[in-house]
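# Mind looking at a prediction? Sequence and model below.
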Amino acid sequence: MRGQLLAIVLAALGMASVHAVAQEFNLAIRNHKFEPAEIRVPAGKRVSIQVTNEDASAEEFESPSLKVEKVIPGKSKGVVRIGPLTPGRYEFFGDFHADTAKGVVIAE
Amino acid sequence: MFGALIIVFREVIEAGLIIGIVLAATRGVNERGRWVATGILAGTLGAGIVALFAEAIANAFEGSGQELLNAGVLGTAVVMLMWHAAWMARHGREMAIEMAAVGAAVTAGKRPMTALAMVVGLAVLREGAEVVLFLYGILAGGTSSSSLFVGAALGLAAGAALSALMYYGLVSIPARHIFTVTAVLIALLAAGMAAQAVQYLDAAGAINVLGTQLWDSSPWLPQDGIVGRMLHALIGYTDRPTELQLVAYFATLAAMAALTWLSTPARAAHARVV
């Protein structure tokens, strides 16, 4: 209900989003670690990663090289859209638990 | 404790630098303290509300609600800054003359603080929501809450001190230059916000053009270092900008310049004659 209300409010503000077709990948946050810690994606394409935070605490998916900074509340999901990427390694981390939450996107 | 300190410090300087610019730009305005305090209070309240609805926001629009909300907040702030710039161009000159003639205290007049108070509120909202979520997450994770709050309080104090330092640096500029300096700072601030907003729209999948990265200056001046972060908050420095970000940045600067030019009374009068 709260979500619906909010969706209506945001839509009323004229923020409609158009979604391009993108290849989807999944990533989980468990005990402040990313699983899997390595994702291989096609280079030169839009890619979307569905991040599921299974922990009770919020995490921030952050990567300067992927230009992403996104808070994912505890016990919820978020979609991270990246690319098109040139081939290479792109590191990401969980800013709220940077010691343990580390991972890498490999574009090839 | 150290994690809390760093995160709170980072978010506080980003909002604090914006508050510093607003305070410097409104020196001598009646009750500006109350306006800015209201902005900070409303922003803090808003941050709590955003954090409360974080899950619903995150799940809205197929997982892009947060990006769209951020883009909306930044876009609104850019519009408010433009409104302020146009107003200042129309009235700034007479104010500067008055200021020189009768001293800063009398120039207060009826300058509208609504736009800038909103900018302050939106900045606090954006940075604050993240802090609330982070602190709540640690609490839920079972870290001792006293060390957490010590860290957060230290981070807040350090961030506020750095912002205050910048503010005093700005107000030490002679009065006859301060309008020009703050006008330039506000234009750069707006341009940086616009560049961030388009990146959020790109991350939300709402825009899908000009996404190619132009350069990578992170080895020389990383955006996540202290200097990089301050430059990011102040002038929108980005170490890996996309084409669209650069376009948005310069388009906003051009729009600010055009607004200022068109609103300046002498030119407006001239334009009417011709």
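Happy to help now that I have it.

# can you tell me the helix or strand for residue B:216?
Assigned by DSSP states H and E, residue B:216 falls within no helix or strand.

# Measure how buried the residue lying closest to it once chain neighbours are set aside is and give me the count.
Leaving aside its sequence neighbours, residue B:216 sits nearest to residue B:240 (C-beta to C-beta, 6 or more residues apart in numbering or on different chains; 5.1 Å). (Each C-beta comes from the backbone N, C-alpha and C, glycine too.) Using other C-beta atoms under 10 Å in any protein chain shown, the number of residues around residue B:240 comes to 16.

# can you give me the strands for chain A?
A:23-30, A:33-35, A:38-41, A:47-53, A:59-63, A:68-72, A:76-82, A:88-94, A:102-107 (DSSP state E).

# Distance to residue B:10, mean neighbour count and mean pLDDT for the ones you listed - can I get that in CSV?
Shown next, in CSV, are these (distance: least, C-beta to C-beta, whole Å; neighbours: other C-beta atoms under 10 Å in any protein chain shown; pLDDT from 0 to 100):
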stretch, distance to residue B:10, mean neighbour count, mean pLDDT
strand A:23-30, 21, 15, 93
strand A:33-35, 22, 17, 95
strand A:38-41, 27, 15, 95
strand A:47-53, 21, 21, 93
strand A:59-63, 11, 22, 92
strand A:68-72, 11, 23, 90
strand A:76-82, 21, 23, 89
strand A:88-94, 15, 18, 94
strand A:102-107, 19, 18, 95
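
# Determine which of the ones you listed approaches chain B most closely.
Of all the strands of chain A, strand A:76-82 sits nearest to chain B, with 3.1 Å by C-beta to the nearest C-beta.

# so, in contact with chain B or not, that closest one?
Yes: shown here: strand A:76-82 in contact with chain B (C-beta under 8 Å from any C-beta of the partner chain) through A:76, A:77, A:78, A:79, A:80, A:81.

# Now do that strand: everything it contacts.
With C-beta atoms under 8 Å, 6 or more residues apart in numbering or on different chains as the test, strand A:76-82 has contacts from A:22, A:41, A:46-53, A:61, A:66-68, A:70-72, A:90, A:105, B:54-55, B:58-59, B:62-64, B:66, B:202-205.

# now that strand against strand A:59-63, angle please.
10 degrees (axes from the mean of the first three to the mean of the last three C-alpha atoms, to 10 degrees).

# Quick one: distance of strand A:76-82 to the chain centre.
Centroid displacement of strand A:76-82 relative to its chain, using C-alpha atoms, centre = their mean, to the nearest Å, is 3 Å.

# Parallel or antiparallel, list what pairs with that strand.
According to DSSP bridges, strand A:76-82 has the following sheet partners: strand A:47-53 (antiparallel).

# mind checking the SS state of residue B:27?
coil (DSSP: H, G, I helix; E, B strand; the rest coil).

# Could you pull up the residues touching the nearest residue to it once chain neighbours are set aside?
Spatial nearest neighbour of residue B:27, chain neighbours left out: residue B:171 (6.1 Å); criterion: C-beta to C-beta, 6+ apart. Contacts for residue B:171 were tallied using C-beta under 8 Å, 6+ apart; they are B:24, B:27, B:178.

# quick check, nearest of the residues you listed to chain A?
residue B:24 (27.7 Å).

# Just give the closest residue to the residue nearest in space to the middle of chain A, not the sequence neighbours.
With distances taken as C-alpha atoms, centre = their mean, residue A:80 lies nearest the centre of chain A, 3.1 Å away. Computed as C-beta to C-beta, 6+ apart, the closest residue to residue A:80 that is not its neighbour in sequence is residue A:49, at 4.6 Å.

# about what we covered before: could you let me know which of the contacts of residue B:171 ends up closest to residue B:132?
Taking C-beta to C-beta as the measure, residue B:24 is the one of the contacts of residue B:171 closest to residue B:132, at 27.7 Å.

# was I right about that closest one contacting residue B:170?
Yes: taking contacts as C-beta atoms under 8 Å, residue B:24 lies within contact range of residue B:170: 3.8 Å.

# Now do the shared contacts for those two.
Listed as contacting both residue B:24 and residue B:170 by C-beta under 8 Å, 6+ apart are B:178, B:182, B:185.

# and the closest residue to the second one other than its chain neighbours, what pLDDT?
Read that as residue B:182. Leaving out its chain neighbours, the residue that sits closest to residue B:182 by C-beta to C-beta, 6+ apart is residue B:25, at 3.7 Å. If you check residue B:25, the pLDDT there is 86.

# Show the contacting residues for residue B:25.
B:84, B:116, B:178, B:179, B:182, B:183, B:185, B:186.

# what do you get if the cut-off is 10 Å, keeping everything else the same?
B:32, B:84, B:88, B:111, B:116, B:170, B:178-179, B:181-183, B:185-186 (C-beta atoms under 10 Å, 6 or more residues apart in numbering or on different chains).

# Sweet, I'm off.
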